[in-house]
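Peer 1: prediction below, plus the sequence it came from.
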Amino acid sequence: GCHAVASCVGHNMAFKGMFGHPRMLVVDAARRLCDAIKTNKSDEPIDTQRSRIRALEFSPNGGLIACGCGEGVAVYSTSGREFIGGARGHNVASLDFGPDNQTLAYTSIQSNEIHLWNAMTNREAQVISLPETPEAVAFAENGAYLVARSADSYRTWWLQTPEKLLLAGHAGGVPGVTFSPDDRLLASIGKDGLAKLYDSVTGEVEKVFRAHRGSGQSVAFTSDGRQMATGGWDSGKVYLWDASTDKKLLTLEHKCGQNNSLTFDKRGRYLAVAGETGVEVWTINSLEQDTAPALELYGRPTGGRSGYVQFNDSADLLAWAEFNRVDSHGSVHVWDLASRSELFSPTSPVHRPYECLSFFPVEQRLIFVNDKHVAEIWNAGNASRENSFRAAVGSLETGRIYSSHIALSPDGNRLATSSLLGGSVNIWNAEAGQLEYTLPEDDGVIWFLSWSSDSDRLAVSRASGRIAVWDLVTVDRELAQLGLKW
């Protein structure tokens, strides 16, 4: 047994010994594997049922063994030689267990990714995208770092980052994310047509199901959080799902064309749908668990191409962003639900009318970012502009397309905006118009921003398929400790 281990380890590079006490790379790894074999006293080979094994690793306590090959990764119990779980569809060149004996990191060569997998839940925990092919991966001895080696570089990740939770995203871009009303879950919809439900605190994937045959575009929870709706570009339909069972409850056929946005009001009375051929508002006559609600068309505010729609908290106003007919700019419109008529439209145009507006809580106040990247605050009651501030860092170049996603925190105190080039997130004091700080850039342009209902966390989804949840309470505390919070 130990001769075989020594031979295997001699052909596999590991990073053990890079952190903590200096240790001999291959000799120490071989000694640890042999100790595990002796402890478990397994005389029979483990049947991996996989070919071309390229990587072999024991958990630190010797209780598990992971095998990686060109087809995926498999994890077995060393004592009972039982299959624990794994993942297919990955060309694995290297893998390593974390010190918790549960977390396994492995490389996926064809997708230039590192996957973190939880052996206890048999679920993927996180995915790290790389600009080049990862050839080897390893945890630090204390679990604080993860290191990857490629042909020309080493990369190190600090894993103990409580302010940022990186989720297992989608194969394509993620145009929609939203917290459940109780903030326990985070839902996402991807261009791969899949809908995912995550534990918003741990990041564990709780459910994955195919919501659309084509590209998914938007997702929203009902006011009680028991059901969720998804819209896509595959058809003029919105689907309603049971959030606990992912059972399809209803197919809503609307006349808005390809869906760009949808939302429920917070009081559970309306559903609004925006698409390439208009906006529709539907009344919800019943909303019970495990049953399809009764929906009835209430009004059609516009037949124009619309990119985003949102209710105010009291559900007496609806705002949407509508494209111009000649370019990518658009305009904001406010609709009164009681009279079923448009109240007003601010004179300033908006740049690329996707997720470009938000209502303040309780009051009839609206904020949006215009085509000059100036945030404007309007009073919808008297159709007057109250305040404005430049919600951008850097200078604008004529003719260039910039990112313009915004989201106002539910308490109305903070405005999150994508940076001009869409890589980072700026956090502003919404009333004072003061930049508080900028969340760092990540891979892919920002496609959607979503706040938790307590205004403490911000979910950010990107064109790269990545999703991150930022704990801004932790960010504030860490900045204050560094003397950078004002």
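Peer 2: Nice, I can see it.

Peer 1: from here on, just use CA atoms for contacts and neighbour counts.
Peer 2: Will do.

Peer 1: tell me if Trp473 really is in a helix.
Peer 2: Not quite, residue 473 is Val, not Trp. Yes: counting by DSSP: H, G, I helix; E, B strand; the rest coil, Val473 is located in a helix.

Peer 1: right, and it touches Asp456 too?
Peer 2: Yes: the pair Val473 / Asp456 is scored as a contact, 5.9 Å apart, by CA atoms under 8 Å.

Peer 1: the more surrounded of these two?
Peer 2: Asp456 (15 against 12; other CA atoms under 10 Å).

Peer 1: quick one, phi/psi of the more buried one?
Peer 2: phi -90, psi -20 (degrees, to the nearest 10).

Peer 1: now do the contacts for it.
Peer 2: Shown in contact with Asp456 (CA atoms under 8 Å, 6 or more residues apart in numbering): Asp471, Leu472, Val473.

Peer 1: let's see 6 Å
Peer 2: Contacts for Asp456 (CA atoms under 6 Å, 6 or more residues apart in numbering) come out as Leu472, Val473.

Peer 1: so how far is Asp100 from it?
Peer 2: 29 Å (CA to CA, to the nearest Å).

Peer 1: next one: Leu295
Peer 2: Counting by CA to CA, the gap from Leu295 to Asp100 is 49 Å.

Peer 1: those two - which one has more neighbours?
Peer 2: Legend: neighbour count by other CA under 10 Å for Leu295 and Asp100, higher for Leu295 (18 against 12).

Peer 1: show the pLDDT at that one.
Peer 2: At Leu295, the pLDDT value in this model is 93.

Peer 1: go on, Ser409?
Peer 2: Among the per-residue scores, Ser409 shows a pLDDT of 98.

Peer 1: the nearest residue to it once chain neighbours are set aside in helix, strand or coil?
Peer 2: Once flanking residues are discounted, Ser409 sits nearest to Ser455: 5.3 Å by CA to CA, 6 or more residues apart in numbering. Secondary structure, three-state DSSP: Ser455 is coil.

Peer 1: phi, psi for Ser455 please.
Peer 2: Dihedral angles (degrees, to the nearest 10) for Ser455: phi 70, psi 20.

Peer 1: so how many other residues sit close to it?
Peer 2: 18.

Peer 1: tell me how far the residue lying closest to Asn122 once chain neighbours are set aside lies from Ile128.
Peer 2: Leaving aside its sequence neighbours, Asn122 sits nearest to Gly85 (CA to CA, 6+ apart; 5.7 Å). According to CA to CA, Gly85 stands 21 Å off from Ile128.

Peer 1: over to Gly278?
Peer 2: 38 Å.

Peer 1: so how far is stretch 254-274 off the chain centroid?
Peer 2: Once both centres are worked out by CA atoms, centre = their mean, to the nearest Å, stretch 254-274 turns out to sit 21 Å from its chain's centre.

Peer 1: in it, which residues are buried?
Peer 2: 254-266, 268-274 (16 or more other CA atoms under 10 Å).

Peer 1: now do stretch 196-204
Peer 2: Lys196, Leu197, Tyr198, Asp199, Ser200, Gly203, Glu204.

Peer 1: can you check stretch 271-287 too?
Peer 2: 271-284, 287.

Peer 1: for stretch 111-123, same thing?
Peer 2: Neighbour counts over stretch 111-123 (16+ other CA under 10 Å) mark Ser111, Asn112, Glu113, Ile114, His115, Leu116, Trp117, Asn118, Ala119, Arg123 as buried.

Peer 1: helix or strand for the nearest residue to the last one once chain neighbours are set aside, just tell me which one.
Peer 2: Nearest in space to Arg123, with sequence neighbours left out and distances taken as CA to CA, 6+ apart, is Trp117 at 5.9 Å. According to DSSP states H and E, Trp117 maps onto strand 113-118.

Peer 1: neighbouring contacts of that strand?
Peer 2: Looking at strand 113-118 with CA under 6 Å, 6+ apart, the contacting residues turn out to be 102-108, 123-130.

Peer 1: only whichever of those residues are buried, select them in ChimeraX.
Peer 2: Buried residues within the contacts of strand 113-118, by 16+ other CA under 10 Å, are selected in ChimeraX with:
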select :102,103,104,105,106,107,108,123,124,125,126,127,128,129
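
Peer 1: and the contacts of strand 113-118, which of them are in strands?
Peer 2: 103-108, 123-129 (DSSP state E).

Peer 1: and the helices in the protein?
Peer 2: 2-10, 25-40, 472-481 (DSSP state H).

Peer 1: shaky segments in the stretch 201-350 of the chain?
Peer 2: Residue ranges of the stretch 201-350 of the chain with pLDDT under 70: 287-290.

Peer 1: can you give me the strands for it?
Peer 2: 205-210, 216-221, 227-232, 237-242, 248-253, 259-264, 270-275, 278-284, 295-302, 306-311, 317-323, 329-336, 341-344, 350-351 (DSSP state E, counting those that start in this stretch).
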